[in-house]
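Asks: Next comes the sequence, and after it the predicted model I'd like to discuss.
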Amino acid sequence: MPRLLIFAAGLVISASLWHLPNATAGELLTNGGFESGTDDWTASFGQLTTVDAPVHSGSNAAGLASTALQSHEVYQFLSIQASTPYEFSAWIFLDDTDVQRTFLRISWYAGDGSLVSTADSQMLTIPESDYRFVSTGSVPAPDRARTARVGIWVQASGAFTLYADDASFIGQAAATATDTPAPIAATVSPTPVPPAQTPPPTPRPGQTAPASPTPGQSRGSRPTDPTEPVQTVFPELANGGFEQVQPDGTPFAWRDIGADLACVTERFIEGARSLHIVSRTSSTKWAYQTVVVEPGATYEAATYAMTIDASEAFLRLTWYSTPDGGGPAIDSSDSLDSVEPGPGVFTQITTGPVQAPTDAHTVKVKLMLRPGSEAERSAYFDQVEFSASSAQPAGERSGPALGGQRAARLAANPVAGAVRGVEAGPSTPVGLANVTPMPRGAAAAQAQASGASSWLVWPALISGGLALSIGVGGEVLRRRRRQTQDAGQH
C-alpha cells in the first residue's frame, strides 16, 4: 500500500511538472496598448500614429491611415517556443466604409527565417462606431517555429483610417540560457561549420542587387527596412518568377488589389515558386507591378496561369500618363485568351504585341483573377514576362508573331518544362506554314469527279467568312464586356 501511494504521488508530481511551462505563460507583446506611442510596432504601408480618441482603454490607441490600395499590416516579431499554444488578440475600431476587411494574423517562422504557416482570426467587414474584440483563439506553434510575426491586417478599396488598442499575445516566452539547467559534466563540442551559401543572383540592367540575408532570414527573402522607401515603380519587370520573397511571404515588387498574395512551392513552372492569388469575395482581384514604358513603343506580356475553381484568370496591361502609375488610366489591353477552371495544369497566355499609347509613361502589369463566387477562389501565376517587342501590334500584322524575350525563350524551349506534374499548355498558332497545299490539278479533278460547279464555291466562301466574322466579333465583345465589368476597379 505505501508503495502504491508513493507511485501515485510520483505521477501527480510528474503531471505537474509536465504542465509547468503553461504556468509561465504571459504577455509577450510590448506596448500593446500604444501608451508609449508606436514604439516596438512597424507598419508595412501607411502612416502609423497614436490618437487620444477613440480609445478602448488608457490614454492612447493606434491609428493607421493610408491611401495605398495594398494590404497593410501593423506588426511585431517575437521569439516563441515550438509546440506551445499562443493567443493573439486586439480591440479594433472599424467605422470606415473603404475598409473591406481587417483581421489578426500570426505568421510562424522557422529558425532559418522561412515561413512555416499562418493562423488568422475572424474578419471584421461591417463598419461600426465602437471597438470590437478580435482573437485568433489558442493556436499551437508548429514544431519548426522559432519566431512569430503578429500583425493587424487591413485591406481597403480606398483611402482609410483604422484604430486598434489593447493588443495582446499570450504564451510561453522562448527559452533562454538561464532556463537550461547546467550540464553535470562539461563536454567539448566541435566548432560548427557555417553552411555554404549561394551567391546572390546577378541583377539585370536597371535592377539593384539583392542584399545579403541577415541572421534568421532565408536567402529567398528580401529584407524589409521600415526606414527605407518602398519602391513602387520599376524600370523593367522585376521578380517575374516570384523567387524573391518578402518576410511576410508575399512577392517582392508585386502589390495586390483586394486579394491575398503568397509565394508557394507546391506548383510552379520554373524555379521553385509561383504566385498564389486568393479571393474571398466575388469582386475581381489582381496582383500588379508598375513598370516604366516608352510612349508609343510596342510591348508584349506573357505568363503561365492556372485555376481550378475560379471563373477565369487572365493578363491585363493598364497604361498611365503619369510617371508613378497614378491617376486615371489611359487605356488597357487584355490577354488574347483567359484560363478557365481546369484539371490543374498551367496554360500560357499572352497579350500579343501591344502598342503603348503615345502619352503613356507607365504600365501596370496585372495578373487578374475573376472569382465568380463569394466563396474562396484562387489562381496561380508563374514566369511573368513583359518586354519590348519588335513584332507588329494586332491589327497591323498578317499572322502570329512573337517578339522580345518571349520569342527567344519559345525558340529555345517551345513548351516550358513539366515540373512536378504541372504541365504548360501553350496553343499552336495556325498560319500558312501549318497548311499543306493541294497538288496542282487535284482540285479540278476532284471538282469534275463530284460534278461541282464554280457557283457552289461562292456560298461556301461567304458562309466561311461569315462564321469567321462572328467568331472574331464574339471574342471582341467578350473582351470588351470583361473590361467593362472591371472598369470601376482600375
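Replies: Yep, it's here. Note that the structure is predicted; figures quoted are calculated from it, not measured.

Asks: The protein: helices as residue ranges?
Replies: Secondary structure of the chain (DSSP state H): helices located at 2-18, 20-23, 404-412, 442-450, 454-485.

Asks: so who does residue 362 touch?
Replies: 233, 290, 291, 292, 293, 319, 320, 322, 323, 324, 325 (Cβ atoms under 8 Å, 6 or more residues apart in numbering). C-beta: built from backbone N, CA, C; applies to glycine.

Asks: Take those and lay them out in CSV including pLDDT and distance to residue 50.
Replies: Formatted as CSV, those follow (pLDDT from 0 to 100; distance: Cβ to Cβ, whole Å):
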residue, pLDDT, distance to residue 50
233, 90, 31
290, 95, 32
291, 94, 37
292, 93, 38
293, 94, 41
319, 96, 41
320, 95, 35
322, 92, 33
323, 91, 34
324, 89, 29
325, 90, 32
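
Asks: ok, of those residues, which come out buried?
Replies: The neighbour-count test (16 or more other Cβ atoms under 10 Å) marks 290, 291, 293, 319, 320, 325 as buried among these.

Asks: Mind checking which of these are in strands?
Replies: Among the buried ones among the contacts of residue 362, the members falling in strands (DSSP state E) are 290, 291, 319, 320.

Asks: Enumerate the beta-bridge partners assigned to the first one.
Replies: It refers to residue 290. Using DSSP bridges, the beta-bridge partners of residue 290 come out as residue 233, residue 364.

Asks: Surely it is in contact with residue 233?
Replies: Yes: under the criterion of Cβ atoms under 8 Å, residue 290 makes contact with residue 233 at 4.8 Å.

Asks: Okay, now the unreliable bits of the stretch 151-300 of the chain?
Replies: Within the stretch 151-300 of the chain, the ranges that satisfy pLDDT under 70 run 176-230.

Asks: mind listing the strands for it?
Replies: Secondary structure of the stretch 151-300 of the chain, counting by DSSP state E, counting those that start in this stretch: strands at 160-171, 233-234, 255-257, 260-264, 274-279, 285-292, 298-306.

Asks: Make CSV out of those strands and add distance to residue 132.
Replies: What follows is the strands of the stretch 151-300 of the chain, written out as CSV (distance: least, Cβ to Cβ, whole Å):
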stretch, distance to residue 132
strand 160-171, 11
strand 233-234, 37
strand 255-257, 25
strand 260-264, 22
strand 274-279, 24
strand 285-292, 26
strand 298-306, 38
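
Asks: Select, out of these, the one closest to residue 88.
Replies: With Cβ to Cβ as the criterion, residue 88 lies closest to strand 160-171 of the strands of the stretch 151-300 of the chain, at 5.0 Å.

Asks: Does anything pack onto that closest one? Which helices or strands?
Replies: For strand 160-171, the packing partners by 3 or more Cβ pairs under 8 Å, 6 or more residues apart in numbering; DSSP states H and E come out as strand 26-27, strand 61-66, strand 72-79, strand 85-93, strand 99-110, strand 145-156.

Asks: and those as CSV, adding distance to residue 391 and mean neighbour count?
Replies: Converted to CSV, those look like this (distance: least, Cβ to Cβ, whole Å; neighbours: other Cβ atoms under 10 Å):
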stretch, distance to residue 391, mean neighbour count
strand 26-27, 62, 11
strand 61-66, 40, 22
strand 72-79, 40, 19
strand 85-93, 52, 22
strand 99-110, 40, 21
strand 145-156, 38, 23
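
Asks: Adding distance to residue 379, write those out as JSON lines.
Replies: Shown next, in JSON lines, are the helices and strands packed on strand 160-171 (distance: least, Cβ to Cβ, whole Å):
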{"stretch": "strand 26-27", "distance to residue 379": "40"}
{"stretch": "strand 61-66", "distance to residue 379": "26"}
{"stretch": "strand 72-79", "distance to residue 379": "23"}
{"stretch": "strand 85-93", "distance to residue 379": "29"}
{"stretch": "strand 99-110", "distance to residue 379": "19"}
{"stretch": "strand 145-156", "distance to residue 379": "18"}
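
Asks: So for residue 128, which of those strands sits nearest?
Replies: Here strand 85-93 is closest among the helices and strands packed on strand 160-171 (Cβ to Cβ), at 8.4 Å.

Asks: any idea of the angle that closest one forms with strand 72-79?
Replies: 150 degrees (axes from the mean of the first three to the mean of the last three Cα atoms, to 10 degrees).

Asks: Would you map out the domains in this structure?
Replies: 22-176, 233-427+477-489 (automatic domain parsing).

Asks: looking at the ones you listed, which has the lowest confidence?
Replies: Lowest mean pLDDT of these: domain 233-427+477-489, a mean of 81.

Asks: what's near enough to touch residue 298?
Replies: 353, 354, 355, 356, 388, 389, 390, 391, 392, 393, 403.

Asks: Distance of the residue nearest to the second one when sequence neighbours are not counted relative to residue 61?
Replies: With Cβ to Cβ, 6 or more residues apart in numbering as the measure, residue 333 is the residue that lies nearest to residue 354, at 4.6 Å, once sequence neighbours are left out. Taking Cβ to Cβ, to the nearest Å as the criterion, residue 333 is separated from residue 61 by 45 Å.

Asks: Also residue 309?
Replies: Counting by Cβ to Cβ - residue 309 and residue 61 are separated by 40 Å.

Asks: just residue 265 next, same as before
Replies: In terms of Cβ to Cβ, residue 265 sits 39 Å off from residue 61.

Asks: now residue 31
Replies: Counting by Cβ to Cβ - residue 31 and residue 61 are separated by 12 Å.
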